[in-house]
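# next come a sequence and a model predicted from it.
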Amino acid sequence: MHLGPFLRTALDSATSGGRRYHLWMGGLTVLIVAGAYAYSLQLRFGLGVTGMSDHVSWGLYISNFTFLVGMAAAAMMLVLPAYILEDVDFGRAVLMAEAVAVAALIMSLLFVVVDLGNPFGSWHLIPGLGYLNWPRSLLSWDVIVLNGYLALNLAIPLYILYSRFAGRPPAKTKYLPWMYISVMWAVSIHLVTAFLLAGLPARPFWNTALLGPRFLASAFTAGPAFVILLLYFIRQTTRYPIADGAFAKLALITTVAAQINLVMLISELFYKFYWPTEHSINAVYLFAGLGDHRALVPWIWVAVALNVGATGALMIHPVRRNPNWLMPACALLFVGIWIEKGIGLVIPGFIPSPLGEIVEYTPTWAELAVTAGVWATGLFVLTVLVKVALPIELGEVRSPYLETPHGPRIVRPRATRRRYEDVRPVRTR
Amino acid sequence: MSDDHTSEPSPSGDTGSLLQKPVDRRGALGMMLAGAVAGSQALGACSPLSGETPEEREVKVLAWREYIKGNYRFMTEEERAETIARLERLAKLRGGVDVAIQGTEAQPGVVFGYAFNISKCKGFRRCVEACINENNLDRRAATQYIRIFEMQDGEVNLDEADATFQHEVPAEGHFYLGTQCFQCADPPCVRVCPVGATWQEPDGITVIDYDWCIGCRYCMAACPYWARRFNWSEPEVPARDLNPNQHYLGNRARKTGVVEKCTFCIHRTRQGRLPACAEACPTGARVFGNLLDPDSEIRWVLANKRVFRLKEDLKTEPRFWYFTD
């Protein structure tokens, strides 16, 4: 078997790198440790160390959760053409996108866990051991689809990488069916998360049929935007070949999704403001403030400006095709969606309360530290996954138990476009 | 998983046959772990070096058994009695207080309803005070189940109302409207709970098993009447103010990180008494009773007064009505 060398090689890849790599990982580790310390305070003293209250009972954690579920779902935008439509341009990029999905899912799940008041009771969710209120509770649906999606996105790339490492082409019959399932599953994770909020008539701000489609559109904006940034970074810093076509197609997906997202935002604003009813009050708080209470107003207008500006820029062909413009536009779009869909969506749902009381929300330092820690964990995971996958994909590392026409082991100095047919597994034992 | 599924034998069979009774997975796990704890307790007893008093050990064992217990809703009568005994003992060991926790079940032929006379309420908030004392509400966070909204004469508009008034009442040109959990007949909070830690009892009271709640607060987002409260920090009730007459599903000690709510004073009303708020009201604005009893005062109010409910369009069917003289 090649499992031992596979794991050893993975560990080698993840722990070796230049000075900047170690600085990056070291920095992330510092953030993770700081976050863990802040979380230990939260475990000791309760969620009272956060800025949340009975009035605003979900805050930064759940905001990031909704955003990151979208990021995870968006990886599908690459999986779909690469594996199912067999688009060669995307072939190289897709494993990276799946790494993004895995990291985003891990962050989503962590954000839910750190939001729990009684995390030691999480075993109550395990059917059989505890009691999962399925199908009535949308949160129980979310538990199922998120964990299922994580399993799919770990298993498929792992199988593909392991096959390459072991020197045999991955068998389509083995992974393609799962790939199809994973594509549908991606839509489901984000729709379920939207329904989780949209299914609450108590909160008119979320209780709209547009929330699910809006979630999908914003996810397919922020997700590919982030993947573009990641791929560009990989292309600049490694020898991993990513075709220009991949960038062009991803940028197009991002642009179209961003346009649809803006159309939906305009529809929402029209509905809330043309004839403001009692149900518009949360939107009024978000966009204009209620009296002296206007904590979210600057945030949402920054988000709108970023989204409109970046989408407008991406609509100009020369701008979109020039990396010097494309990258900043993607970064701004990413930040814009993060604000709009995170704090701009979850928090105003609580202000004013269903009884009309206005209590505002400001996150505390502990809450910010935990949030940063979770993000650092996600980026750490993403870095490791990419670092492990790259040399295998490049053919730089391969199982030592392989026999080739050139000798027992392949050591390829440079990236080539050669296929792996010249590599045959040796039967060990 | 409900414990009435105990007919399912354990897969290996040995745990079950050993004890001559079928055991479900959690039960088996519980027994094994409790056995391990008891074993370490026995070891500890032999070792004078552990530095643990017998009380500390007992607390550990009890706390562990509490941790691995199931959802109260699905417990057998025996299991319910056991957890209540453990909780009473823990209250004694940890806080030095003697509490009596009842598990009184819903009485047949009873569905509770409440009516609130907005002509009579003068905003004294005696009900709020009585509720705090009766239900052992967290004094440090100043948790309150009841909110009294001061409203301008001429409109029922919660957005313009003030629930934090600090002046002499009744204020000129104003009236008062109280809210608390309305014990909806179709409660959204129950539907959304991912672990079934909150449910509606046959007498219409929506309750929470505080020990089963995982603290996700989805129910708080789902409640259209803002009736649920969360324990953001360790709740504090001074021992001298503690109400020892408690109910497992009501005013017993809560812990950090779980949700709680008004239960129409389940420990009183299931024994035929009035909720503390209704008893404390000096103006007679609060009418409580059995909706299934045609001779009850609440039925008289519903039959003879013009009544309304808040947010009826949401179809949660609150069992809490407002009326005027």
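Now that the structure is in, tell me what you want to look at.

# got the contact list for the residue in chain B that chain A sits nearest to?
Each residue of chain B has a distance to chain A, by CB to the nearest CB, and the smallest belongs to residue B:215, at 2.2 Å. Yep, even glycine has a C-beta here, placed from its N, CA and C like the rest. Neighbouring residues of residue B:215 by CB atoms under 8 Å, 6 or more residues apart in numbering or on different chains: A:47, A:116-119, A:121, B:230, B:257-259.

# switch to 10 Å and redo it
A:46-47, A:115-119, A:121-122, B:197, B:230-231, B:255-259 (CB atoms under 10 Å, 6 or more residues apart in numbering or on different chains).

# do residue B:66 as well
Taking CB under 10 Å, 6+ apart as the criterion, residue B:66 is in contact with B:83, B:86-87, B:90, B:211.

# before we move on, the earlier item: now, which of the contacts of residue B:215 lie within strands?
B:230, B:259 (DSSP state E).

# care to break chain B down by domain?
Domain ranges of chain B: B:3-98, B:100-325, per automatic domain parsing.

# among the contacts of residue B:66, which are in reach of chain A?
Among the contacts of residue B:66, proximity to chain A is found for residue B:211 (CB under 10 Å from any CB of the partner chain).

# if we can go back for a sec, by mean pLDDT, show me the worst of the domains of chain B.
Among the domains of chain B, domain B:3-98 carries the lowest mean pLDDT, a mean of 72.

# before we move on, the earlier item: how much space between the residue nearest to the residue of chain B closest to chain A when sequence neighbours are not counted and residue A:84?
Leaving out its chain neighbours, the residue that sits closest to residue B:215 by CB to CB, 6 or more residues apart in numbering or on different chains is residue A:117, at 2.2 Å. Using CB to CB, to the nearest Å, we find residue A:117 at a distance of 42 Å from residue A:84.

# which one's more surrounded, those two?
For residue A:117 versus residue A:84, neighbours defined as other CB atoms under 10 Å in any protein chain shown are more numerous around residue A:117 (21 against 12).

# next one: phi and psi at the residue nearest to residue B:212 when sequence neighbours are not counted?
Nearest residue to residue B:212 in three dimensions, chain neighbours excluded: residue B:197, at 4.0 Å (CB to CB, 6+ apart). The phi/psi pair for residue B:197 (degrees, to the nearest 10) reads phi -80, psi -10.

# contacts only, for residue B:197.
The contact partners of residue B:197, by CB under 10 Å, 6+ apart, come to A:118, A:121, A:124, A:130-131, A:133, B:71-73, B:190, B:207-216, B:219, B:258-259.

# average pLDDT across the helix or strand hosting residue A:23?
Per DSSP states H and E: residue A:23 is located in helix A:19-45. Summarised as a single mean, pLDDT over helix A:19-45 is 97.

# any buried residues in that helix, and which?
Buried positions in helix A:19-45, judged by neighbour count with 16 or more other CB atoms under 10 Å in any protein chain shown: A:25, A:28, A:31-32, A:35, A:38-39, A:42.

# repeat for stretch B:201-209
B:201, B:203-209.

# what do you get for stretch A:312-323?
A:313-314, A:320, A:323.

# and it, what's its mean pLDDT?
Mean predicted confidence for stretch A:312-323 is 94.

# how far is it from where the chain is centred?
Computed by CA atoms, centre = their mean, to the nearest Å, the separation of stretch A:312-323 from the middle of its chain amounts to 24 Å.

# could you dump that stretch to PDB, C-alpha only?
Extracted C-alpha coordinates of stretch A:312-323, given in PDB (Å, rounded to 0.1, in the frame of the first residue of the first chain):
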ATOM      1  CA  GLY A 312     -19.300  47.700 -12.400                       C
ATOM      2  CA  ALA A 313     -15.500  47.400 -12.900                       C
ATOM      3  CA  LEU A 314     -15.800  43.700 -13.800                       C
ATOM      4  CA  MET A 315     -18.400  44.400 -16.400                       C
ATOM      5  CA  ILE A 316     -15.700  46.200 -18.500                       C
ATOM      6  CA  HIS A 317     -13.900  43.600 -20.500                       C
ATOM      7  CA  PRO A 318     -10.400  45.000 -20.500                       C
ATOM      8  CA  VAL A 319     -10.600  45.500 -16.800                       C
ATOM      9  CA  ARG A 320     -11.700  42.000 -16.100                       C
ATOM     10  CA  ARG A 321      -8.900  40.600 -18.300                       C
ATOM     11  CA  ASN A 322      -6.200  42.500 -16.600                       C
ATOM     12  CA  PRO A 323      -5.000  40.800 -13.500                       C
END
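
# tell me which parts of the stretch 101-250 of chain A are close to chain B?
Neighbours of chain B within the stretch 101-250 of chain A, by CB under 10 Å from any CB: A:112, A:115-134, A:136-143, A:196-197, A:199-204, A:206-207.

# and residue B:142, which of the three is it?
At residue B:142 the chain is in coil, as set by DSSP: H, G, I helix; E, B strand; the rest coil.

# which residues does it contact?
Residue B:142 neighbours (CB under 10 Å, 6+ apart): residue B:132.

# report the secondary structure element holding the residue of the stretch 301-429 of chain A found nearest chain B.
With CB to the nearest CB, the shortest gap between the stretch 301-429 of chain A and chain B falls at residue A:356, namely 3.9 Å. Take DSSP H and E as the rule and residue A:356 turns out to sit in neither a helix nor a strand.

# same check, this time on residue A:250
For residue A:250, the host element (DSSP H and E) is helix A:244-273.

# what's the following helix or strand after that helix?
Next along the chain after helix A:244-273, taking DSSP H and E as the criterion, comes helix A:281-287.

# near chain B at all, that following helix?
Yes: Helix A:281-287 lies within reach of chain B by CB under 10 Å from any CB, at residue A:281.

# what's the mean pLDDT across that helix?
According to the model, helix A:281-287 has a mean pLDDT of 96.

# residues in contact with that helix: which ones?
So helix A:281-287 is contacted by A:203-206, A:268-269, A:271-273, A:276, A:280, A:290-291, A:293-297, A:299-301, A:304, A:343-345, A:347-352, A:356, A:358, A:360, B:159 (CB under 10 Å, 6+ apart).

# pull out the buried residues from these.
If we count by 16+ other CB under 10 Å, the contacts of helix A:281-287 have these buried: A:203-206, A:268, A:271-272, A:280, A:290, A:295-296, A:299-300, A:304, A:343-345, A:347-352, A:356, A:360.

# mind checking pLDDT for whatever residue of the stretch 151-300 of chain A ends up closest to chain B?
Chain B sits closest to residue A:202 of the stretch 151-300 of chain A, with a gap of 3.6 Å, by CB to the nearest CB. Residue-level confidence at residue A:202 comes out at 96, pLDDT.

# can you confirm it is in a strand?
No: under three-state DSSP, residue A:202 falls outside any strand and is assigned coil.

# backbone dihedrals for it, both of them.
Here residue A:202 shows phi and psi, under degrees, to the nearest 10, equal to phi -70, psi -20.

# give the contact list for it.
A:349, A:353-354, B:188-189, B:192, B:220-226, B:311, B:314, B:316.

# go on, residue B:80?
Residue B:80 touches B:69, B:72-73, B:103, B:105, B:248, counting by CB under 10 Å, 6+ apart.

# ditto for residue A:179
For residue A:179, the contact set (CB under 10 Å, 6+ apart) comprises A:76, A:79-80, A:82-84, A:94, A:152, A:156, A:172.

# picking that back up, now the residue of the stretch 151-300 of chain A closest to chain B, nearest residue through space, not along the chain?
Nearest to residue A:202 is residue B:224, by CB to CB, 6+ apart, at 3.6 Å.

# count of residues packed around that neighbour?
23.

# show me what contacts residue 290?
Unless you meant another one, I'm taking chain A. The contact partners of residue A:290, by CB under 10 Å, 6+ apart, come to A:281-282, A:284, A:297, A:351-352, A:358, A:360, B:159.

# think we crossed wires, I meant chain B
Residue B:290 makes contacts with B:107, B:109-113, B:203-204, B:269, B:272, B:296-299, as judged by CB under 10 Å, 6+ apart.

# no more questions from me, cheers.
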